[in-house]
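A.B. asks: Please find the sequence and the predicted model below.
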Amino acid sequence: MSRADAVAAPAPVAVPRYRRPGVAGAFTRRSPLGAIGAVIMLVVVVAGLAAPLVATHDPTRTDATQTFVPPGPRHWLGTDHLGRDIYSRLVHGARVSLAVGVACALLGGLGGGAVGLLSGLTGRRVDGIIQPVLDIMQGFPLLVLALVMTAALGPSIGTVVVAISVPFIPRVARVVRAVALGVRETTYVEAARALGAGGLRVALRHVFPNTVAPLVVMTTAQLGSAILVEASLSFLGLGIPEPYPSWGRMLAVSATEFAQRAPWLVIFPGLAISLVVFASNLFGDGLRDYLDPRLRI
Amino acid sequence: MMTQHASLRWIVSAALAGILAASSAWAAAPVPKSGGVLNAMHREDPPSLSIIEEATVSVNWGVMPCYNNLVMFDPAKSQETPQAIIGDLAEKWEWRDAGKTLAFTLHRGVRWHDGRPFSSADVKYTFDLIREAPGMSVKLRLNPRKLWYSQIQAIDTPDPATVIFRLKRPQPALLMMMASGYSPVYPAHIPPTELRTRCVGTGPYKLREYRPGELIEYVRNPDYFVKGRPYLDGIRFIIIKERGTRIAALQAGRLDIMMPQEGSKNAGEQLKKAVPSMIITLASHDINTNLLMNFKRAPFTDARVRRALSLAIDRRGFIQAVRQGAALMGASLMPRPWGAWGLGPSALAALPGNGDGAAQKTEARRLLAEAGFGPAKPLRVTLSTRGIALYVDMATYVIDQFKQVGVAATLDQVESAVWFAKLARGDYELGANQTGMGADDPDVTFYENYACGSQRNYSQYCNPEVDRMFDAQSQEPDQTKRQAMVAEIQKRLELDAARPIFAWDLDYFAMWPYVHGFVPHNNVYNNGRLQDVWMSK
Amino acid sequence: MRGFVAHRLGLAAVTLAGMSIVIFVLLRIAPGSIVDLLFSSAGYVDPAEKQQITHELLLDRPIPVQYAQWAGALLHGDLGKSYRYGLPAARLIGPRVPITVELAVMGMAVALLVGLPTGIVSATRQNTAADYGLRIFSLAGLSMPAFWLGMLIILMLVRVFGWIPPMLYVPVRENPGLHLMQFLFPALAVGYRSAALINRMTRSSMLEVLREDYVRTGRAKGLAGRVVVYRHALRNALLPVVTVVGTEFAFLIGGLVVTETVFNLPGVARFLVEAILWRDYPVVQNLVMLIAIVVVLSNLAVDLLYARLDPRVRYT
């Protein structure tokens, strides 16, 4: 070792390491509203899962001496006409409403997405078979099909889930198919095909990422829609039956009878529904913004 | 929230105020004015326009203006007793043969709306039709009250203005049933099937138009046999299916008068608050809420189980929770002073569910243990009901009460389309139910709901000894003796838990102050003729 | 193009036939029938009478036989009789259809008039206060159950003005002012939700297009901003919106049902729901067929429009 080497070697300098921002951080930065939506959803989900711990009363316990109590220290959000604690019912209802909403959204979104991709990417013959089936399913207005199915299968939580999911599938499929059709004709897909890429590879590599965005938006919108449709079904008397506390039914029953006498009966379930639907839409928007491949430069 | 005592005071003072208002309105009223069209509330399409074939207030309120009865309950009196019966198509009547013959003298010069003359032949036709007399070639499609007239042996019509009913045995209640809104006289010259979709009567109003889902419209009958009536030019029953919208429409003045049975306490209080001049009158529906138990299924065959279930349900709590206090405790007949046959307070307090809640629940647990049910082997039951808010609330409360005595009940919510079929098939365990009375008379109540083999005896309760008691009170001419017999029967039915009664509902009937000549009755089915109603605007 | 249309029409016929079978079977699977309901309102059941009425209404025949009978009558233009009212179904459905159509059209008009401009504004002024405000407004519209919005409107009107819209239907020819009063608020209620959807779709679609290469090129070329927006971006952005409007029409019916119920409009949407609850098969079947025809045709129209507007998509 020469004396020059000993002198020339520099002392180690602390260089700040570049840290990739986490997914959550990136998401929040891209879409702060979406992050808010996600947080709200998280809170609701946790509340629903931990319902027995978070609730203050038994949601099905009636109490004739405590009817129509306004929000106060003992009953945080008041009681209803049967003396049941609204807060506890909302918290337990979160489970029910979310479970229904998520199940419907997943069933509808995944089912519709798969069908739409299939329809848009394969040849005209397959498309020709799928199209009329989709048209048949879609021809029934959502509420009407849900109603007939609930009538046919009897009002139960399972029936409501199936009844609400089925009309979603063709709607999702349609939009996904439209996007797939459009993407199929773009130059880069043609180029990929020219280079010999197989259909599945084209689908996964090129088409799928472009459909994810509308799919995600539609699925999160579906979550909200499912909750709203369940509320409408409850309004017509065919929603999730007792004893499951369902936000939709809480709102439907109070809105017609007790709105002026005990507004908290209407406000809180209505807020709960609106908040969750709102949040799921915000989250969906945020996800869409985040996942848009063109913006990920 | 008012205490029980305070709300009872509210009820009594409101009732008194109502009676006072009604009588003062009647006595000191300005001279009735002719003219105007009344916009009346209606909540749904009547299942058909044939009153005789249906059993819901949606038909009576909406079609009664078209018809007349033989006799009716005085519209001006809220209490429907035999003393309140006045003639409608009948000018006068008398009992003969120790109560086995009832002879009517009819008004003359009465015409049907299509111009044909009315006569005793129409009366004979109507009652022969209902009782399905031998030799009747015409038949009703639905006939829910056939047994009302099962004691009629024959009907004679010696001349066009006289009709004589000959009975198999005396039945003082017959007149009460004829006065009910369910007993109009039908035209003999029109097939009953036609009367399901159009109305040809002798009544104060002629049907002008029925637009399904929208409106039932009447115009005054210029040839009505009661001179000077009706005062109104017409009536519009505006059908609004959504409850909140109906009340809002009344509040905003689009409707002038409420529909009987629509006056929940909330609605009444809300209307009074929004429109202080609105006239709110308290009246009883003559409808009770009750529990059906399937007598053909174990363990409801065990009297201890039945009694325990009835004991478990605190009636006071029920009234507060499900009816917000606007209901009364009672047994199988409407309680006083609203009805004439109700049990007194001390007799009532001794019946299951009416006493001290906690003590009765303890007693219930004891009885269940005796019958073999307890924490180790809990009694599991299914409570079926319709998917309508009121019924669901009833069931919810009952299920919770059952939980408190260790009975695990599940709610089986069914659509209306399925409900009655289930009941009729006996395909249920427990049912939360509502029963209305066509008239406040023990014959109506007992024979329809508790007699062996009766079509509407859904629980299939059958006790031949009690059936004999029914027959005995039905023939008894002495009122005091009959009262005592009926009281005994009511106690017996409650102790047997034949059909545990929860409560008798009250109506907060509302109408705008410019509507006169309408006094709500303590029965929603019988005061729909509206021939004395007039408006001062 | 003509071959395409013929092909699609053929598909439409198949679709309609399929739908008719589905609804026919579903209805008959549902427990309870009109006969049960007739007796339910009378409060008792007489098995002999029940059997007779069932036989009269042909409900005791096997399902394929009933279907053949109905389909045959339908192809002859005979819509049958309502089980519930005993009146010809055509007479009940006929007057109700224009009411629902009018409500739907007015609702759509509100939706387009409100949704499109706000969507464009939101997109061109992304992430500004205006954008956030409009997004919250539109999300609120999507987050409220339709009947709640309707009830809120009525409650507000009654409490603040002591007034609600007329409860009896008045045709436009009789009294246009009253007619408009009756339809205005329900149309707003129906339109709010659709406006929200159109707003969001327009915004999202415009945003995507505004980032496209050809837009950047246009801007780089020096074209004025507005020209870029309207000539290039908007036309392409509207494509998905067209799809949504087309599908939304069928989606609309759910909102129409509850709005008609809350505002007491005697429309066909509400009538359909009631007919289902009353197991009034002829009415339900025929109405669903009618809706199916409308939906299938509107889907076809949307597809054709899409093919016109988007030069990339070809079906020949």
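C.D. replies: The structure has been received and is ready for your questions.
A.B. asks: residues from the stretch 1-150 of chain C in reach of chain A?
C.D. replies: With the criterion set to C-beta under 8 Å from any C-beta of the partner chain, the stretch 1-150 of chain C comes near chain A through C:11-12, C:14-16, C:18-19, C:22-23, C:26-27, C:29-31, C:132, C:135, C:139-140, C:142-148. No exception for glycine: its C-beta is placed from N, CA and C like everyone else's.
A.B. asks: In strands, which of the residues you listed appear?
C.D. replies: Assignment to strands by DSSP state E places none of the residues of the stretch 1-150 of chain C next to chain A there.
A.B. asks: helix, strand or coil for B:His521?
C.D. replies: With DSSP: H, G, I helix; E, B strand; the rest coil as the basis, B:His521 sits in coil.
A.B. asks: Can you get me a residue count around it?
C.D. replies: 29 (other C-beta atoms under 10 Å in any protein chain shown).
A.B. asks: So it versus B:Thr81, what's the distance?
C.D. replies: From B:His521 over to B:Thr81 the distance is 11 Å, taken as C-beta to C-beta, to the nearest Å.
A.B. asks: where does the chain have low pLDDT?
C.D. replies: Unless you meant another one, I'm taking chain A. Of all residues in chain A, those with pLDDT under 70 make up the ranges A:1-22, A:139, A:187-208, A:213, A:291-297.
A.B. asks: actually chain C
C.D. replies: Short version for chain C, where the test is pLDDT under 70: C:1, C:213-216, C:218-219, C:222-237, C:239-251, C:309-316.
A.B. asks: Determine the longest helix present in it.
C.D. replies: helix C:176-210 (DSSP state H).
A.B. asks: Run through the helices of chain A in chain order.
C.D. replies: So, for chain A - with DSSP H - the helices run A:3-8, A:23-30, A:32-49, A:51-54, A:86-121, A:124-139, A:142-153, A:157-184, A:187-194, A:199-202, A:208-235, A:247-257, A:264-291.
A.B. asks: could these go into TSV alongside distance to chain B and mean neighbour count?
C.D. replies: Listed next are the helices of chain A as TSV, based on distance: least, C-beta to the nearest C-beta, whole Å; neighbours: other C-beta atoms under 10 Å in any protein chain shown:
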stretch	distance to chain B	mean neighbour count
helix A:3-8	86	8
helix A:23-30	42	14
helix A:32-49	22	17
helix A:51-54	17	14
helix A:86-121	12	22
helix A:124-139	24	19
helix A:142-153	7	23
helix A:157-184	12	23
helix A:187-194	51	12
helix A:199-202	47	13
helix A:208-235	9	24
helix A:247-257	4	25
helix A:264-291	10	23
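A.B. asks: Serialize those to TSV and add fields for distance to B:Val444.
C.D. replies: Formatted as TSV, these follow (distance: least, C-beta to C-beta, whole Å):
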stretch	distance to B:Val444
helix A:3-8	116
helix A:23-30	71
helix A:32-49	51
helix A:51-54	49
helix A:86-121	41
helix A:124-139	51
helix A:142-153	35
helix A:157-184	40
helix A:187-194	79
helix A:199-202	76
helix A:208-235	36
helix A:247-257	31
helix A:264-291	38
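A.B. asks: Export those to CSV and append columns for distance to chain C.
C.D. replies: Shown next, in CSV, are the helices of chain A (distance: least, C-beta to the nearest C-beta, whole Å):
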stretch, distance to chain C
helix A:3-8, 50
helix A:23-30, 11
helix A:32-49, 7
helix A:51-54, 22
helix A:86-121, 11
helix A:124-139, 4
helix A:142-153, 3
helix A:157-184, 6
helix A:187-194, 10
helix A:199-202, 16
helix A:208-235, 4
helix A:247-257, 5
helix A:264-291, 4
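A.B. asks: Tell me, what's the model's pLDDT at the closest residue to chain A within the stretch 201-350 of chain B?
C.D. replies: Closest residue of the stretch 201-350 of chain B to chain A, C-beta to the nearest C-beta: B:Gly317 (3.4 Å). Here, the pLDDT recorded for B:Gly317 equals 91.
A.B. asks: Provide a list of residues in contact with residue 96.
C.D. replies: Using chain A. Contacts for A:Val96 were tallied using C-beta atoms under 8 Å, 6 or more residues apart in numbering or on different chains; they are A:157, A:240, A:244-247.
A.B. asks: try again with chain C
C.D. replies: By C-beta under 8 Å, 6+ apart, the neighbours of C:Arg96 are C:266-268, C:271.
A.B. asks: Show the buried residues in the residues you listed.
C.D. replies: In the contacts of C:Arg96, burial by neighbour count holds for C:266-268, C:271, counting by 16 or more other C-beta atoms under 10 Å in any protein chain shown.
A.B. asks: restrict those residues to contacts with chain B.
C.D. replies: Okay, of those touching chain B (C-beta under 8 Å from any C-beta), that's C:266, C:271.
A.B. asks: What count of nearby residues applies to the nearest residue to A:Ala262 once chain neighbours are set aside?
C.D. replies: Leaving aside its sequence neighbours, A:Ala262 sits nearest to A:Phe68 (C-beta to C-beta, 6 or more residues apart in numbering or on different chains; 5.0 Å). Other residues within reach of A:Phe68, judged by other C-beta under 10 Å, total 18.
A.B. asks: Verify the stated contact: A:Phe68 with A:His81.
C.D. replies: Yes - here A:Phe68 reaches A:His81: they are 6.4 Å apart, a contact under C-beta atoms under 8 Å.
A.B. asks: List the residues that are in contact with both of the two.
C.D. replies: Common neighbours of A:Phe68 and A:His81, using C-beta under 8 Å, 6+ apart, are A:258, A:262, B:324.
A.B. asks: which residues does the second one contact?
C.D. replies: Shown here is A:Ala262, whose contacts under the criterion C-beta under 8 Å, 6+ apart are A:68, A:70, A:78, A:80-81, A:254.
A.B. asks: and which of the residues you listed is nearest B:Ala133?
C.D. replies: Each of the contacts of A:Ala262 was scored against B:Ala133 by C-beta to C-beta, and A:His81 proved nearest at 48.8 Å.
A.B. asks: My read is that the closest one contacts A:Thr67, right?
C.D. replies: Yes - contact criterion C-beta under 8 Å: A:His81 and A:Thr67 qualify, at 5.7 Å.
A.B. asks: any common contacting residues for the two?
C.D. replies: Common contact partners of A:His81 and A:Thr67 (C-beta under 8 Å, 6+ apart): B:321, B:324.
A.B. asks: List, one by one, the residues from chain B near chain A.
C.D. replies: Residues of chain B lying near chain A (C-beta under 8 Å from any C-beta): B:1, B:242-244, B:264, B:266, B:269-270, B:314, B:316-318, B:320-322, B:324, B:387-389, B:392-393, B:395-397, B:399-401, B:411, B:413-415, B:417.
A.B. asks: In strands only, show me the residues you listed.
C.D. replies: B:411, B:413-414.
A.B. asks: How many residues are close by B:Gln475?
C.D. replies: 16.
A.B. asks: Please name the nearest non-neighbouring residue to it.
C.D. replies: Excluding the flanking residues, the one nearest B:Gln475 by C-beta to C-beta, 6+ apart is B:Pro170, at 4.9 Å.
A.B. asks: ok, now which ones touch that neighbour?
C.D. replies: B:98-100, B:475, B:477.
A.B. asks: again, but for B:Tyr458
C.D. replies: Counting by C-beta under 8 Å, 6+ apart, B:Tyr458 touches B:292, B:423-424, B:431, B:433.
A.B. asks: where exactly do the helices run in chain C?
C.D. replies: So, for chain C - with DSSP H - the helices run C:2-29, C:34-42, C:47-56, C:63-75, C:89-93, C:96-124, C:129-143, C:146-156, C:176-210, C:213-221, C:225-227, C:235-263, C:268-277, C:281-309.
A.B. asks: Can you say which of these is packed in most?
C.D. replies: The highest mean neighbour count among the helices of chain C, using mean count of other C-beta atoms under 10 Å in any protein chain shown, belongs to helix C:268-277: a mean of 25.
A.B. asks: No further questions, thank you.
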